[in-house]
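*Asks:* the sequence and its predicted three-dimensional model are supplied below.
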Amino acid sequence: MTNFIISPSASLISQLSIVNCQLSIDKLSDLLAYQQNAPLLFSSGLFFFLFIGFLIIYMSLRKHLLTRIIYVTLFSLYFYYKSSGLFFLLLLFVATSDFCIARCMAKTVSRRGRKAWVVLSLCVDLGLLGYFKYFNFLREIGVSIAHELGYLLGNTSLQGVSCQPLDIFLPVGISFFTFQTISYVIDVYRGRIEPLRRWIDYVFYVSFFPQLVAGPIVRARDFIPQIYKMPAVTRAEFGEGLFLVLCGLFKKTVISDYISLNFVDRIFDAPLLYTGVENLLGVYGYALQIYCDFSGYSDMAIGIALLLGFRFNVNFDSPYQSATITEFWRRWHISLSSWLKDYLYISLGGNRKGKMRTYVNLLITMLLGGLWHGASVSFILWGALHGVALAVHKFVMGRFGSFKPVGPEMKPWRRVVGVLVTFHLVCFGWILFRADSMQTVGEVLTQIFTHFHPEVFTQFVMGYKGVCILMAIGYILHFMPQSVENRMQTFVTRSPLLVQAVMLAIAIFVVVQFKSAGVQPFIYFQF
C-alpha cells in the first residue's frame, strides 16, 4: 500500500480552498436572501453589477419572445423579493386576481355584470391596500371617536377603550402596482384595451422591475404593445438611457442624500434648535431633496427601461418652474396626477356637472391623493391644501379673463411672480408632507415667523458650505433652460462607446462610495 504524505503547504491550500468556498456560499446566500435593512436599490453598486449580467442574457434572448418574458418576470420578482421579502406573493396574487377578473369581464355581456367585476377588482385591490396602509390609522380614529362618545355619554367603558397598533409591514410599492392593476381593469371595462390572454404577460406588465417599487405608474395601453416587440435599442436611445441613469444617480446619491443627512433631517428633527432663517432654508432644502430623490428614481427607471427597449412617459418636467398650481400638477409626478384625473376626477364627474361640483371634485381628488401618500392627518391636510389651491385657481381663471394666458403667452413679469408664489405655496405644503407631527409643523412655522434672525445667514453659509453649494447647484440645474439639458444629453449620446463606458464606471464608483457612507432608501418607497 502506498502511503501519501500531505505536506503542510498542501494542507494549508486545502484549508484556504474550503474557506474560500464557504465565503462564496455565504456571498451567494446574501445575494439570494431578503435583507430587510438592505433592500436592493437602483442607487446601489450591487444592482448595477446584477443589471449588467441581466442585460447580457436579456439581449441574447431578444428573438425568443416567451423565454424573454419569463426571464424578465423572474428577475422582476427576484428584485421585488429583495425589496419586500415574501410579499412578492402578494404581488402575484393581485396580478392573478385582476388578470382573471378582466378575462371574466370580457365574457360578460351585460353592463351591470361588467360593473360587478370592476367592483370586485376594486374591493380586492383597495381592500389589500387599505389593510396594509390604513388599518392602524382607521383603528386610531375609531378609538378617538369611542373616547369622545364616552365623555359625551358618561360611559366609562368607552372612555377606557384602547388598542395597540398592529405591527403591519408595508410592502414596498404596493400603492404603485395596485394603481396599475386598477387602471388595467378599468381600461378593459371602458373598452380601451383587450384583456391579455396569457397570465405571464400580465405578470410581466405588473412586475416590470424598473418601475415596480416607486413608479412611474405605467398604463397598460402604453406598455403592453411594447412587450411583443423585439428589443431594438438604437445608439441614440442607448445614449438617452445612459444620460437619464447618470442624471438620476447624481440627483439621488449626490444632492438628495447629502443635503438630507447633513442638514434637512436635523432641521425637521428639532426645529426649535434653529433660527427661522435656518428653518426656511431647511424647507427649501427639503423641496430640493424630495424632487431630486423622486425625479432621480424616475430618471433611472425610465433610463433602465429604455436600455431594455421600453419607453416610458416623462414623470417630472421641472415642476418648480411652474407659474400656477395647476401647471405644477402638470409637471410634478405626472403619472400619478394624470391617473388621478383619468380614473378619479373624471369618474366623479370632472367639470361636467357645474362649477361648484367641479371645485368639490378637485378637493376630493386631492384629499384622496394626499391620503394615498400616507395615513396621517398631515398628508390629508397636504392634499386639502392643494385641492383648495387648484379650486381657487380654477375660479380665478374663470372669473378674470386676464389670468387665462399661461405658459409662453404669460407676460414675463407675471410669470416670475407666479413662479415665486407657486413655489412658496408648494414649499408650505412640503412642511406638512415632511414633518413627523403637527407639533413639528407648528414649530417650523413659529421659528420662521417669530424667530427669523436673518443675521445668522452668513454663519450658516460658512458652517454648511457643502450643503449650500449642492443646493445652489441643484436649483441652478432645475431652472436652467431645456435647451441646455438637451445639449448635455446630445453630448452623452454622441460620445464614443468607450467614453460612455467610462462615464458609467465613474458613476458606479461614486455610487459604491456613497453606499459605504450610508445611502438612504428612496422617499417614495414608503408610499
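*Replies:* The structure has been received and is ready for your questions. Numbering: from 1, shown residues only.
*Asks:* surely M105 meets V185?
*Replies:* Yes. Using CB atoms under 8 Å, M105 is in contact with V185, at 7.4 Å. Bear in mind the C-beta positions are built from the backbone N, C-alpha and C, glycine included.
*Asks:* now do the shared contacts for these two.
*Replies:* Listed as contacting both M105 and V185 by CB atoms under 8 Å, 6 or more residues apart in numbering are W117, V118.
*Asks:* and these two? which has more neighbours close in?
*Replies:* The neighbour comparison of M105 against V185 (other CB atoms under 10 Å) goes to V185, with 24 against 21.
*Asks:* low pLDDT regions in the stretch 301-450 of the chain?
*Replies:* Applying pLDDT under 70 to the stretch 301-450 of the chain picks out residues 400-409.
*Asks:* try 50 this time
*Replies:* The stretch 301-450 of the chain contains no residues with pLDDT under 50.
*Asks:* repeat that for the chain.
*Replies:* 1-8, 12-13, 15-21, 23, 516.
*Asks:* can you point me to the longest helix in it?
*Replies:* helix 111-153 (DSSP state H).
*Asks:* surely F99 is in contact with R198?
*Replies:* No. F99 lies out of contact with R198 (CB under 8 Å); the separation is 9.1 Å.
*Asks:* name the SS class of E194, please.
*Replies:* Under the three-state scheme (DSSP: H, G, I helix; E, B strand; the rest coil), E194 adopts coil.
*Asks:* tally of neighbours for it?
*Replies:* 12.
*Asks:* and F99 and R198? Which one has more around it.
*Replies:* Shown here are F99 and R198; by other CB under 10 Å, F99 has more neighbours (24 against 11).
*Asks:* for the more buried one, give me its contacts.
*Replies:* P195, L196, W199, Y202, V203.
*Asks:* now, of the residues you listed, which are buried?
*Replies:* P195, L196, Y202, V203 (16 or more other CB atoms under 10 Å).
*Asks:* could you identify the most distant pair in those residues?
*Replies:* P195 and V203 (13.9 Å; CB to CB).
*Asks:* mind checking the SS state of the most centrally placed residue in the chain?
*Replies:* Closest to where the C-alpha atoms of the chain average out (CA atoms, centre = their mean) is A214, at 3.4 Å. Assigned with three-state DSSP, A214 falls in the coil class.
*Asks:* next, it: phi, psi?
*Replies:* phi -150, psi 30 (degrees, to the nearest 10).
*Asks:* returning to that earlier point: what's the longest helix of the chain packed up against?
*Replies:* Applying 3 or more CB pairs under 8 Å, 6 or more residues apart in numbering; DSSP states H and E, one finds that helix 111-153 contacts helix 88-107, helix 156-159, helix 174-190.
*Asks:* columns distance to T253 on top of those helices, output as JSON lines?
*Replies:* Shown next, in JSON lines, are these (distance: least, CB to CB, whole Å):
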{"stretch": "helix 88-107", "distance to T253": "26"}
{"stretch": "helix 156-159", "distance to T253": "51"}
{"stretch": "helix 174-190", "distance to T253": "22"}
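*Asks:* of these, which stretch is the most buried?
*Replies:* Highest mean neighbour count of these: helix 174-190, a mean of 22 (counted as mean count of other CB atoms under 10 Å).
*Asks:* what is that one packed up against?
*Replies:* helix 88-107, helix 111-153, helix 199-207, helix 220-227, helix 334-340.
*Asks:* at 7 Å instead, please
*Replies:* With contacts taken as 3 or more CB pairs under 7 Å, 6 or more residues apart in numbering; DSSP states H and E, helix 174-190 sits against helix 88-107, helix 111-153, helix 199-207, helix 220-227.
*Asks:* next SSE downstream of the last one?
*Replies:* Elements were assigned by DSSP states H and E; along the chain past helix 220-227, the next helix or strand is helix 235-249.
*Asks:* the nearest residue to V213 once chain neighbours are set aside: how many residues sit nearby?
*Replies:* Spatially, and ignoring its direct neighbours in sequence, V213 is nearest to G173 (3.6 Å; CB to CB, 6 or more residues apart in numbering). The burial count assigned to G173 is 23, neighbours taken as other CB under 10 Å.
*Asks:* show me the contacts for G173.
*Replies:* Neighbouring residues of G173 by CB atoms under 7 Å, 6 or more residues apart in numbering: L212, V213, A214.
*Asks:* re the thing from before, closest to M503 out of the helices and strands packed on helix 111-153?
*Replies:* Closest among the helices and strands packed on helix 111-153, using CB to CB: helix 174-190, at 29.4 Å.
*Asks:* pull out the CA atoms of the closest one and give them to me as CSV.
*Replies:* Only the C-alpha atoms of helix 174-190 are listed here, as CSV (Å, rounded to 0.1, in the frame of the first residue of the first chain):
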residue,chain,number,x,y,z
ILE,A,174,-47.9,48.5,-3.0
SER,A,175,-49.6,51.8,-3.9
PHE,A,176,-48.0,51.8,-7.4
PHE,A,177,-48.7,48.3,-8.5
THR,A,178,-52.3,48.4,-7.2
PHE,A,179,-53.0,51.6,-9.1
GLN,A,180,-51.5,49.9,-12.3
THR,A,181,-53.8,46.9,-11.9
ILE,A,182,-56.8,49.1,-11.2
SER,A,183,-56.1,51.1,-14.4
TYR,A,184,-55.9,47.9,-16.4
VAL,A,185,-59.3,46.6,-15.2
ILE,A,186,-61.0,50.0,-15.8
ASP,A,187,-59.5,50.3,-19.3
VAL,A,188,-60.8,46.8,-20.1
TYR,A,189,-64.2,47.9,-18.8
ARG,A,190,-64.2,51.1,-20.8
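*Asks:* mind checking how far that helix is from the chain centre?
*Replies:* Relative to its chain's centre, helix 174-190 lies at 17 Å (CA atoms, centre = their mean, to the nearest Å).
*Asks:* how about residues contacting that helix?
*Replies:* Counting by CB under 7 Å, 6+ apart, 91, 94-95, 98, 101-102, 105-106, 114, 118, 121-122, 125, 129, 132-133, 193, 195, 206, 212, 214-215, 217-221, 339, 343, 372, 527 sit against helix 174-190.
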